[in-house]
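K.L.:
predicted structure and sequence below. I'll ask about it afterward.
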Amino acid sequence: MLPIVHRDIGDALRGEKIAVKAEKMQMDRVQAGSSRHQIQTLTLKDSVFCIIEIPLVASRK
Amino acid sequence: MPQIKIDPASLAQVRRQMKSIEEIAQDWLVRSFSDNTLPIPTDVIEVKSHFFNWKAGVSDLGTYSPYETMMRIMQENAELRLTNKKLATIAAKLEKRMNVLERKLPEENVIVLREISRDEAKAEIASLFSEGRTLYYSDIAKELQLDLELVVDSCNELMNEGEISVADSA
């Protein structure tokens, strides 16, 4: 069972680590601010699926 | 300007020697072409071809004498060498720049996805967590060569079953 899936146009995701899959990916390099904080943008197209990553461990029993 | 008197006999001897040198050079050129082993400087070939063209009256350099032709070719060669040097410098700069760009490019690893059932995926994911590691969805998908959606789906089921949970560090 998948978590809450947002499908509406305009929905946004924000997170520290996001895993994605798509049929097409286009890397657009954008450098903003200082050299330490380089920003890169990526465009995903067709059958896109994104998930905010969470660290998982085996449950203590 | 002092007049130089040239002995006709000496001049004839020099001409004979020049003829002999020309024959040797021609022979050398022919051998070089036929066995394809001797290195031939480009200047020699060009001067030779221009010389014969000039003699035949079909030189693309017009009515220049062999000496003028040779000088022009030498000048042309010097210019070409200079251009070559400039191009080599540009190529070296481009290579350096390309190496920097290549290092910046994201690494692409081709993963061939395996098609397995949900239960099999769950079992494999559970056994991966039994090693006591902290894993993200992408780590699992990469390691087990599984579709990301299947991994997320299976992980959520395992979470609901109490097999795995969100790490305290999250």
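P.N.:
Sure, I can see it.

K.L.:
okay, CA-based contacts and neighbour counts for the rest of this
P.N.:
Fine.

K.L.:
neighbours of B:Ala123, how many?
P.N.:
B:Ala123 has 12 neighbours, counted by other CA atoms under 10 Å in any protein chain shown.

K.L.:
part of a strand, is it?
P.N.:
No: when DSSP: H, G, I helix; E, B strand; the rest coil is applied, B:Ala123 is found to be helix, with no strand at that position.

K.L.:
residues touching it, list them.
P.N.:
Residues near B:Ala123 by CA atoms under 8 Å, 6 or more residues apart in numbering or on different chains: none.

K.L.:
mind checking how far it is from B:Lys142?
P.N.:
Taking CA to CA, to the nearest Å as the measure, B:Ala123 falls 16 Å from B:Lys142.

K.L.:
and B:Lys85, by the same measure?
P.N.:
When CA to CA is the yardstick, B:Lys85 and B:Lys142 sit 48 Å from each other.

K.L.:
what of B:Ser169?
P.N.:
Applying CA to CA, the value for B:Ser169 to B:Lys142 is 22 Å.

K.L.:
of the two, give the one with the bigger neighbour count.
P.N.:
Neighbours were tallied for B:Ser169 and for B:Lys142 using other CA under 10 Å; the higher tally belongs to B:Lys142 (18 against 8).

K.L.:
pLDDT averaged over the helix or strand containing that one - what is it?
P.N.:
Applying DSSP states H and E as the criterion places B:Lys142 in helix B:137-144. For helix B:137-144, the mean per-residue pLDDT is 92.

K.L.:
same thing with stretch B:83-95?
P.N.:
Taken as a whole, stretch B:83-95 has a mean pLDDT of 93.

K.L.:
output it as PDB, nothing but the C-alphas.
P.N.:
Provided in PDB are the C-alpha atoms of stretch B:83-95 (Å, rounded to 0.1, in the frame of the first residue of the first chain):
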ATOM      1  CA  THR B  83      48.400  27.400 -36.300                       C
ATOM      2  CA  ASN B  84      49.000  23.700 -35.300                       C
ATOM      3  CA  LYS B  85      50.700  24.900 -32.100                       C
ATOM      4  CA  LYS B  86      47.700  27.200 -31.400                       C
ATOM      5  CA  LEU B  87      45.300  24.400 -32.100                       C
ATOM      6  CA  ALA B  88      47.200  22.000 -29.800                       C
ATOM      7  CA  THR B  89      46.900  24.600 -27.000                       C
ATOM      8  CA  ILE B  90      43.200  25.000 -27.600                       C
ATOM      9  CA  ALA B  91      42.800  21.200 -27.700                       C
ATOM     10  CA  ALA B  92      44.600  20.900 -24.400                       C
ATOM     11  CA  LYS B  93      42.400  23.600 -22.800                       C
ATOM     12  CA  LEU B  94      39.300  21.900 -24.100                       C
ATOM     13  CA  GLU B  95      40.400  18.500 -22.800                       C
END
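
K.L.:
show me the contact partners of it.
P.N.:
Here stretch B:83-95 has no contacts from other residues, using CA under 8 Å, 6+ apart.

K.L.:
from the chain's centre, how far out does it sit?
P.N.:
Computed by CA atoms, centre = their mean, to the nearest Å, the chain-centroid distance of stretch B:83-95 equals 12 Å.

K.L.:
low pLDDT regions in the chain?
P.N.:
Let's take chain A. Applying pLDDT under 70 to the predicted model, the residue ranges of chain A that meet it are A:1-2, A:31-37, A:60-61.

K.L.:
that answer is for a different chain, and I need it for chain B
P.N.:
For chain B, the stretches with pLDDT under 70 are B:1-6, B:28-48, B:50-51, B:53-55, B:57-69, B:106-108, B:170.
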